[in-house]
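Colleague: Below is the sequence, then the predicted model.
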Amino acid sequence: MAKIHEVKKIDNVGVEYTFMCPACGVCHSVDLDGYPKYVFNKNMDQPSFWPAIMVRTGPENNPNICHFLIDIGLIKFLSDCTHELKNKTIKLEDF
Ligand SMILES: [Zn+2]
């Protein structure tokens, strides 16, 4: 078990890193080859990514926003999240 899993991208070229979001109840993924250029410490049990990750879903004029830092196995939700875990810091769970 680990907090982060490496998965193949849909196009089968390269990998991305996925984790379970305790606020959204779904997995979010980070593509190290995308933009912005994320830095990942490659520690699957005590992961850190930099910079912050923003996930927008739903309608453009009223999106759901999940915006957070992952720092040494903790997920720190920022104040512009639209869910109830905004401003909270929670341990990432194994999945
Ligand atoms: Zn989320």
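Modeller: Looks like it came in fine.
Colleague: So the residue nearest to the spatial centre of the chain, which state does it fall into?
Modeller: By Cα atoms, centre = their mean, the chain has its centre lying nearest to H28, at 4.8 Å. Here H28 is strand, with the state taken from DSSP: H, G, I helix; E, B strand; the rest coil.
Colleague: which residues sit in contact with it?
Modeller: H28 makes contact with 18-19, 21, 53, 55, 66 under the criterion Cβ atoms under 8 Å, 6 or more residues apart in numbering. From N, CA and C alone the C-beta is placed, and that goes for glycine too.
Colleague: Closest to P47 out of those?
Modeller: Nearest to P47 among the contacts of H28, counting by Cβ to Cβ, is F19 at 7.3 Å.
Colleague: quick one: contacts for that closest one?
Modeller: Residues in contact with F19 (Cβ under 8 Å, 6+ apart) are 3-5, 27-28, 47, 70, 92, 95.
Colleague: Just give the nearest non-adjacent residue to it, would you?
Modeller: Distances taken as Cβ to Cβ, 6 or more residues apart in numbering place I4 nearest to F19, at 5.1 Å, with adjacent residues excluded.
Colleague: I'd like to know how many residues surround the one you found.
Modeller: Neighbour count for I4, taken as other Cβ atoms under 10 Å: 25.
Colleague: Quick check on it: phi, psi?
Modeller: Its backbone dihedrals place I4 at phi -120, psi 140, with angles given as degrees, to the nearest 10.
Colleague: And the residue of the chain positioned farthest from its centre, how far from K37?
Modeller: Each residue of the chain has a distance to the centre, and by Cα atoms, centre = their mean the biggest one is for N61: 22.7 Å. Computed as Cβ to Cβ, to the nearest Å, the N61 to K37 distance reads 29 Å.
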